[in-house]
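Colleague: Sequence and computational prediction follow.
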Amino acid sequence: MNQAQHLTDKQRFLLSNLQDGALDGAELPQLLDAVAEDADLRCTWERYQLIGQLIRGESYAPLARQVSPQVHLELAIAPVLPLPLRIRAVAMHTQLRFAIAASVVGVAVFVAPAWLEHSASPDHVEIAQEFVPAEAASGGRWHLDQPHLANKLDRFLVTHQETAPIGETKGMLRYATFVRDDLDR
Amino acid sequence: MSEPQADCELVKRAKAGDSRAFDLLVLKYQQKIAQLVSRYTRDSNDILDITQDAFIKAYRALPGFRGESAFYTWLYRIAINTVKNHLVAKGRRPPNDDMDTLLAEQMDIGGRLRDFATPERRVLADEIAQTVQRALDDLPDDLRTAIMLREFEGMRYEEIAAAMNCPIGTVRSRIFRAREAIDQQLRPLLDD
C-alpha cells in the first residue's frame, strides 16, 4: 500500500468517525481540506450517509443527489458569509476588550489620582492655574479642580466598564458622552 | 451518539462561514429534505429547486442558529417555510397539515412520504437498497453487530464498546470496516 492510499484510508476512517460524531474537533479542518480537494472523499461521505439511511430502512431518492452539486455551485459564487456584528465583536475582540478595559481601569485607579495629586503640587500651580480656569470657564466637563467630581468620574468609569453591555456602550467615547450627559446628577 | 451531537462540529464550522462544512451537511440531509418537500409538490423540478433554495436560505441564516434545537429540526422549519412560500407564489394554497417538527424528526420521513421517483429511479433505488442489505448480511458478525448498533440503534461508541465488550478503538475500526465493505458493493451502482 503506497503512502497516498494510506492517507486516503485514514481520511475515510476520519469521515466514518465524523459521521458518528466521534471526530476530534482539531482534526476537522484538515479533513475538510482533504474532502475539498478529493472528490472521491466527498462521494464517500455521501455513500456513508446513504448506507446509514438504508440500514435504518429509510427510502432512497436518486433524484435528491442532484441537490448538493447545485447548492455547492451556488455557495461557490455566493459572497462570504458575514457574521452578525454582535457575534463577531464578541468572538473576535473579547480578549482585546478585556485588555482595554483593564488598561482604562488601571489608569483610572492608579495613574489618575497620582496625576491629580501631582497637578496640585506647588511646583505645578502655575500650569494648573492656567488650565483649570480655562476649562471651567468654557464649561469643560472634567472639573479637575473639584476632587469630588474627579472621584465621581473615576467611579463612573469603573462602573461603566464593568457593567456596560458588550458591543454597545463600552469604550471611551461612549463613556465620555455618558459622563457629559450625566455630570449634573 | 445523537444526531445533534454528531452535527455539532460541522455546524460550528459552517456557522463560521466554512462552506465546506456546510457542503457535508447538505450531503447528509439532502435526501430527507427532498423527500419532505415532495410531500407538498409532485413536480421533480420544483422539488429540486425548493430543496436547493431551502439549503441556501439555511446557509445564509446560519449565524442566527443558536443551537437550541437540533440542526435538522431547524433545517426542517426552513424547508417547510420555503415550500409554503413557493406554493403561495404559484397561487396554490399551502396545506395546513404540518407534521409536528419533533415528530417529523423521530419518524421515518423517507419511508412514509410520497415518493417522487420515476419508475427507472425506483428500480435503481430498490437495487441499491437490496445491495446494501446483501452486503450487510455478508458481513462478519462482529462488524454487522457494530454497525447495526450504531446506525439502527443510534448507540454511542462507548455504549457499543460496553455492549460488545471491547475497546472503543475496536468499535471505531469495526464500524469503519463495515462501512467500507458495504461501500465496495454500493459504489459501482452510484457512478461515482
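Modeller: Nice, I can see it.

Colleague: use CA for all of it now, contacts and neighbours both
Modeller: Fine.

Colleague: hey, which helix or strand in the chain has the poorest pLDDT?
Modeller: Here I'm looking at chain A. For chain A, scoring each helix and strand by mean pLDDT, DSSP states H and E identifies helix A:125-137 as the least confident one, at a mean of 44.

Colleague: Let me rephrase: I mean chain B.
Modeller: Among the helices and strands of chain B, helix B:109-112 carries the lowest confidence by mean pLDDT, DSSP H and E, at a mean of 45.

Colleague: How far off centre is the helix or strand that it is followed by?
Modeller: Of the helices and strands lying after helix B:109-112 in sequence (DSSP states H and E), the nearest is helix B:119-138. In this view, helix B:119-138 has its centroid 17 Å away from the chain centroid, taken as Cα atoms, centre = their mean, to the nearest Å.

Colleague: So which elements touch helix B:119-138?
Modeller: Contacts of helix B:119-138 with other secondary structure elements, assessed using 3 or more Cα pairs under 8 Å, 6 or more residues apart in numbering or on different chains; DSSP states H and E, are made with helix A:39-55, helix B:168-190.

Colleague: got the contact list for it?
Modeller: Contact partners of helix B:119-138, identified using Cα atoms under 8 Å, 6 or more residues apart in numbering or on different chains, comprise A:51, A:54-55, A:59-63, B:144, B:178, B:181-182, B:185-186, B:189.

Colleague: where does chain A have low pLDDT?
Modeller: Low-confidence segments of chain A, defined by pLDDT under 70, span residues A:1, A:78-98, A:111-185.

Colleague: Nearest to chain B: which residue in it?
Modeller: Checking chain A residue by residue against chain B with Cα to the nearest Cα singles out residue A:21 as nearest, at 3.5 Å.

Colleague: Helix, strand, or coil at that residue?
Modeller: Three-state call for residue A:21 (DSSP: H, G, I helix; E, B strand; the rest coil): coil.

Colleague: cool, and residue B:91?
Modeller: Judged by three-state DSSP, the three-state class of residue B:91 is coil.

Colleague: For it, report the pLDDT, please.
Modeller: Per-residue confidence for residue B:91 comes out at a pLDDT of 77.

Colleague: burial measure for it, as a count.
Modeller: As a burial measure, the neighbour count of residue B:91 was computed by other Cα atoms under 10 Å in any protein chain shown and equals 9.

Colleague: Check the helices and strands packed on helix B:119-138 for me and report the most buried one.
Modeller: helix A:39-55 (a mean of 20; mean count of other Cα atoms under 10 Å in any protein chain shown).

Colleague: is any part of that one close to chain B?
Modeller: Yes - part of helix A:39-55 sits close enough to chain B to count as contact by Cα under 8 Å from any Cα of the partner chain, namely A:40, A:42-49, A:51-52, A:54-55.

Colleague: Now do stretch A:23-36: everything it contacts.
Modeller: Contacts to stretch A:23-36, defined as Cα under 8 Å, 6+ apart, come from residues A:11, A:14-15, A:17, A:41-42, B:9, B:20-21.

Colleague: Repeat the analysis, applying 7 Å as the threshold.
Modeller: The set of residues that contact stretch A:23-36 without belonging to it, under Cα atoms under 7 Å, 6 or more residues apart in numbering or on different chains, is A:11, A:14, A:17, A:41-42, B:9, B:20-21.

Colleague: Let me have those in CSV, extended by distance to residue B:122 and secondary structure.
Modeller: Formatted as CSV, these follow (distance: Cα to Cα, whole Å; DSSP: H, G, I helix; E, B strand; the rest coil):
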residue, distance to residue B:122, secondary structure
A:11, 32, helix
A:14, 32, helix
A:17, 31, helix
A:41, 26, helix
A:42, 24, helix
B:9, 34, helix
B:20, 30, helix
B:21, 30, helix
